[in-house]
Structures are given as C-alpha cells and as structure tokens.
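Undergrad: sequence and predicted model, in that order:
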Amino acid sequence: MTSQRVLFLSVIGFMTLVLAFYLVVGVMDA
Amino acid sequence: MTKHSALRDNALTLTFLGIFVATLVGQAIAGWHQYNGDQLAHGESTYTFLRYLGSSSFGADVAENWQSEFLQFSMFIFLSVLFVQRGSTESKPPGEEGRETDEEQKVGRHADANSPLWARAGGLRTAVYSNSLLIVMTFFWLFSWLVQSVDGWRVFNDEQQSHDQPELGYGSYLTGSDFWNRSLQNWQSEMLAVASVLIFTVFLRQRGSEQSKPVGEAHAATGVSG
C-alpha cells in the first residue's frame, strides 16, 4: 500500500472512531 | 526524476495533522480548566483530565467545530460544480459550469490506463465514485452534526440541572436555541471564509502557494494556481 493510501485511510479511520466514541459518550450520558 | 520519500510526499497533510493534534491537546487542557472552574462555581465536583476527555462536554465542543468544517467543504465541492467565480483560483473558468462530459472527466470508455478502476467500471460504481468526495465529506458533516446534537443535548441538560431548570427531551433540544446557536455561529464563519477566499484570490497573490495564482497572472485568469 502506498504511503498516501495509508494516510488517507488513517485519517478516515481516526475521524470515524472519534465521532463514534463521542456518540456513545453522549448516548450513555443520557 | 525527483526523489520520492514518504515524508516529503505527504508533508503538507502531515504538517496539518501535527498542528491539529497540538491544537486539540490545547483545546482539551483549556476546556478542562474551564469546565472545572464552572463546576466549582456551582459547588459541584470536578473532573480529572481523563474523565474530561471522555465527557460529552469535550465531545460537543470538538464535534461542533468539525461539523461546520465538513459542511463548508461539502458545500464548496457541490456549489463549485454549479457556479463559477471569474478570476478565482478556487473556481473553474466561466463556461465550464456543470458536471462536464464523460470525455472531459475521463469516465467509462474515456478512462485511460492510469484511471482508477471505478472510473472505468461504469454503472453504479462509476456513479458512486464520480461523487465520492462529496459523499464522504457530507457523511462526516452529518456524523459530526449528530454527535454535536447528542453531546450538546447532554451538556445543555447538565446546565439546566445545575440551575434547577427543567431538562429537555432530545427532540425539543433539536428545535431549541442552544442547538441552533451552536450550529449557525460556526456556519456563518465558514461561509464568509469561503466567499472571501473566492474573491480575494482574484486580486491577491501569495508567491509559491498553490492557493494563489502566480504573482504576474492576470486578475481575469480563472482556476490557475501555482
């Protein structure tokens, strides 16, 4: 895999994980 | 041939990601202090730093700004298909409005040897791939906006509680002023930023920047950068 592809997937993966985490946080707080 | 190194090839993205991490850490530290200050003022218990990182307060603040950025890019990507700004680096030249022909877009049988597979495949795959940038940006906009709404709702109700005010249901929060104030205050700044970069790049230059025309390029030249 090229370094560009690794970077691309890392950014998408990171953003998805962060958002999923804070969605769960908000739902659990409720 | 120029020498390739992964670091140099990705320097622009990596630099922005580095600054992103540094500013996010700064936001977390400042937000933690502010949060604990508010808690103490209300005679309530404080959070450890780790507990604050896992709080809806921090989540809402992060998601609120993310959503507006992804909305900005989604709208810029979509509206720049339809409209032009003569003279701007951020626009196609006048006359090229619209989705353009398959030949211009190297789609289907017009694809060349280096075209991505899905540009060549035709059918649903090419249709999806033809809009993939807008689809992914819009996905992240809606996802962050959802997280802002849920976490912001929790923060709102915590504040209501500490002021002995009634809590709101999620539906009422979505139609209420806190949610829309948080959303719109970020949207307005994004729209102004895009409008200004569109018109500023007609007349202003930054030598060496991809975001600018060459210094000696004519004001009327559209979509030229370097």
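TA: Nice, thanks for sending it over.

Undergrad: show me which residues of chain A sit near chain B.
TA: Proximity of chain A to chain B, by CB under 8 Å from any CB of the partner chain, involves residues A:3-4, A:7, A:11-12, A:15-16, A:18-19, A:21-23, A:25-27, A:29-30. Heads up, the C-betas are built off the backbone N, CA and C, glycines and all.

Undergrad: swap in 6 Å and give it another go.
TA: A:3, A:7, A:19, A:22-23, A:25-26, A:29 (CB under 6 Å from any CB of the partner chain).

Undergrad: from the residues you listed, which land in strands?
TA: With strands taken from DSSP state E, there is no overlap with the residues of chain A next to chain B.

Undergrad: turn these into a markdown table, including pLDDT and neighbour count.
TA: Output for the residues of chain A next to chain B, formatted as a markdown table (pLDDT from 0 to 100; neighbours: other CB atoms under 10 Å in any protein chain shown):
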| residue | pLDDT | neighbour count |
| --- | --- | --- |
| A:3 | 91 | 14 |
| A:7 | 97 | 16 |
| A:19 | 98 | 21 |
| A:22 | 98 | 26 |
| A:23 | 98 | 20 |
| A:25 | 97 | 22 |
| A:26 | 96 | 25 |
| A:29 | 82 | 18 |
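
Undergrad: want to throw these into a markdown table with distance to residue B:83?
TA: Converted to a markdown table, the residues of chain A next to chain B look like this (distance: CB to CB, whole Å):
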| residue | distance to residue B:83 |
| --- | --- |
| A:3 | 35 |
| A:7 | 31 |
| A:19 | 30 |
| A:22 | 35 |
| A:23 | 34 |
| A:25 | 39 |
| A:26 | 37 |
| A:29 | 42 |
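
Undergrad: between these, which sits nearest residue B:150?
TA: Using CB to CB, residue A:26 is the member of those that lies nearest residue B:150, at 3.5 Å.

Undergrad: skip the chain neighbours and tell me the closest residue to the closest one.
TA: Spatially, and ignoring its direct neighbours in sequence, residue A:26 is nearest to residue B:150 (3.5 Å; CB to CB, 6 or more residues apart in numbering or on different chains).

Undergrad: what distance do you get for the one you found to residue B:141?
TA: Per CB to CB, to the nearest Å, residue B:150 is found 15 Å from residue B:141.

Undergrad: which of the residues in the helix or strand hosting residue B:26 are classified as buried?
TA: Assessed by DSSP states H and E, residue B:26 sits inside helix B:11-41. Applying a neighbour-count criterion of 16 or more other CB atoms under 10 Å in any protein chain shown, one finds B:28, B:31-32, B:35-36 buried in helix B:11-41.

Undergrad: now pLDDT and distance to residue B:117 too, for these, in JSON lines please.
TA: As requested, those are exported to JSON lines (pLDDT from 0 to 100; distance: CB to CB, whole Å):
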{"residue": "B:28", "pLDDT": "98", "distance to residue B:117": "41"}
{"residue": "B:31", "pLDDT": "98", "distance to residue B:117": "44"}
{"residue": "B:32", "pLDDT": "98", "distance to residue B:117": "47"}
{"residue": "B:35", "pLDDT": "97", "distance to residue B:117": "48"}
{"residue": "B:36", "pLDDT": "98", "distance to residue B:117": "52"}
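
Undergrad: where do the helices sit along the chain?
TA: As the question left the chain open, I've gone with chain A. Using DSSP state H, the helices of chain A run over residues A:3-29.

Undergrad: ah, I was thinking of chain B
TA: Under the criterion DSSP H, chain B contains helices at B:6-9, B:11-41, B:49-53, B:56-82, B:117-121, B:123-130, B:132-162, B:170-174, B:177-203.

Undergrad: could those helices go into TSV alongside distance to residue B:89?
TA: Formatted as TSV, the helices of chain B follow (distance: least, CB to CB, whole Å):
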stretch	distance to residue B:89
helix B:6-9	23
helix B:11-41	16
helix B:49-53	39
helix B:56-82	12
helix B:117-121	25
helix B:123-130	24
helix B:132-162	18
helix B:170-174	38
helix B:177-203	4
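
Undergrad: so what's the residue count around residue A:1?
TA: 7 (other CB atoms under 10 Å in any protein chain shown).
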